[in-house]
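In: Here's a sequence, model it:
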Amino acid sequence: MKKKRKKEEKLPILLLEDIVNLGQKGQVVKVRKGYFRYLVSQGKAVLADEKKLSKELKPLLLSEKIKTRENLAQKLKEEIEKLTIDFKISKYTSVTREKITKILKDKGINIAKGSIELKEKIKEAGEYQLPIKVGYNIVANLRVIVKD
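Out: Presented below is the predicted three-dimensional model:
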């Protein structure tokens with residue numbers, strides 16, 4: 001007989017930083033206990049109880065700050081969509097998230113490599129549109145041209 005696992009209850013937390021695939025700074029999300037412990041140890045989240053939400057962390061939740069961050073994400077999207085990145089590959093090389101992230105960083109755009117949606121390495125020549133999650137459900141398309 002299989003043992004039934006108890007459903008772990010999820011804890012509401014307040015994010016102190018942007019976390020890819022979870023949420024933005026100042027957002028309240030629910031996570032499992034183990035992930036909560038990890039985020040707290042990294043200093044990226046706190047438990048979202050009434051006292052902390054109302055007193056200490058109220059500035060994080062102001063709608064104006066969220067709107068300005070959304071505007072910044074929108075500007076970043078426009079900036080990324082203006083760019084075209086050229087790669088030259090050989091038989092033994094490919095285009096990876098790390099290479100794309102490095103080139104974007106050189107151009108002054110800081111993006112986490114996890115926010116680039118690349119299912120597998122690009123090994124063939126051609127033109128690609130890579131979606132990049134900028135935040136606040138905003139996705140920018142980066143144009144990548146790969147040549148032999």
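
In: From now on I want contacts and neighbour counts done on CA atoms only, so please keep to that.
Out: Fine.

In: can you pull out the helices in the chain?
Out: Along the chain, counting by DSSP state H, helices occupy 33-42, 50-51, 63-82, 97-106.

In: show me where the chain has strands.
Out: Under the criterion DSSP state E, the chain contains strands at 10-15, 28-32, 45-47, 84-88, 126-135, 138-147.

In: would you list those strands in CSV and tack on mean pLDDT?
Out: Formatted as CSV, those follow (pLDDT from 0 to 100):
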stretch, mean pLDDT
strand 10-15, 90
strand 28-32, 91
strand 45-47, 89
strand 84-88, 94
strand 126-135, 93
strand 138-147, 94
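
In: Figure out which of those strands is closest to residue 76.
Out: Proximity to residue 76 (CA to CA) singles out strand 126-135 among the strands of the chain, at 7.3 Å.

In: Report the contact partners of the most centrally placed residue in the chain.
Out: Geometric centre of the chain, nearest residue: residue 20, 3.1 Å, by CA atoms, centre = their mean. Taking CA atoms under 8 Å, 6 or more residues apart in numbering as the criterion, residue 20 is in contact with 112, 114-115.

In: Kindly report the same for residue 74.
Out: Contact analysis of residue 74 by CA under 8 Å, 6+ apart lists residue 138.

In: Relative to residue 16, how far out is it?
Out: Using CA to CA, to the nearest Å, residue 74 is found at 21 Å from residue 16.

In: do residue 72 as well
Out: 18 Å.

In: Looking at those two, which has the bigger crowd around it?
Out: residue 16 (20 against 14; other CA atoms under 10 Å).

In: I am finished for the moment; much appreciated.
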